[in-house]
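Student: My questions are about this predicted structure, shown below with the sequence.
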Amino acid sequence: MIELLLLLILVAVVVIGVVVYVQRSKKQKSTPEPPPQPHDPFANAGSDTAGDPRTLKAGDMIDWGTERTWIRGTLRLSEGGYVWSEHFLEVEGAKRWLSVEEDPDVELALWTGRPDLDLVPQGKSIELEGVVYKLEEKGSGSYRSEGTTGLRSEGGLDYVDYESDDGRLLAFERFDHGHWEASTGTKVAPGTFTIYPGS
């Protein structure tokens, strides 16, 4: 008799446990999941710049605070596994672009084309307008063109980079074995501009 009573109590406990489990499962399923939190597209920028400059592309807008400009085209450059980008800006009367490198930190520079200069990159230093620029690096690689760049969809390039003691930049590029193009540039600090991604 006691065994039967214990068996009935055990069955009752199991039945109650199953009922409680089923009720909790229904309650959890009926509770709607909270909506996903809004995502900040610039959260992983890796710098103080509003937006990740490593993801810039043709059609994006850059707000410098005093002016806004759009990226008309982009060159994706590579040399032996090392990659960097040049983004051509929509400006009047000059050729300007923003270069983005990761070496290992993100390095930004704003460049202006200098078609007025008849220089060939040779030697360990070049004097220009009273400033001495010292050779930093040179090499050859390949490019891929996106948007409006004035170049083929892909090809080869040669480059030679110089820098002055006060941080001013002088660069030469030659695309597809053409003529050397000179440009002067300045480094751009993180936080200088805001990126508004294009469609």
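Tutor: Done, it's in.
Student: Quick one: name whatever helix or strand follows the host helix or strand of residue 155.
Tutor: Per DSSP states H and E: residue 155 is located in strand 154-164. For strand 154-164, the succeeding helix or strand toward the C-terminus, using DSSP H and E, is strand 169-175.
Student: that older thread, can you give me the angle the strand holding residue 155 makes with strand 169-175?
Tutor: Calculated by axes from the mean of the first three to the mean of the last three CA atoms, to 10 degrees, strand 154-164 forms an angle of 160 degrees with strand 169-175.
Student: Where do the domain boundaries of this structure fall?
Tutor: For the chain, automatic domain parsing gives the domain ranges 1-30, 53-196.
Student: Any chance you could list what contacts the strand holding residue 155?
Tutor: Strand 154-164 is contacted by residues 77, 121, 125-126, 131-145, 169-177 when judged by CB atoms under 8 Å, 6 or more residues apart in numbering. C-betas here are computed from N, CA, C, even on glycine.
Student: about what we covered before: most tightly packed of the domains of the chain?
Tutor: With neighbours defined as mean count of other CB atoms under 10 Å, the domains of the chain peak in mean count at domain 53-196, which reaches a mean of 15.
Student: what about it, start to end distance?
Tutor: 11 Å (CA to CA, to the nearest Å).
Student: swap in stretch 115-124?
Tutor: Taking CA to CA, the first and last residues of stretch 115-124 lie 22 Å apart.
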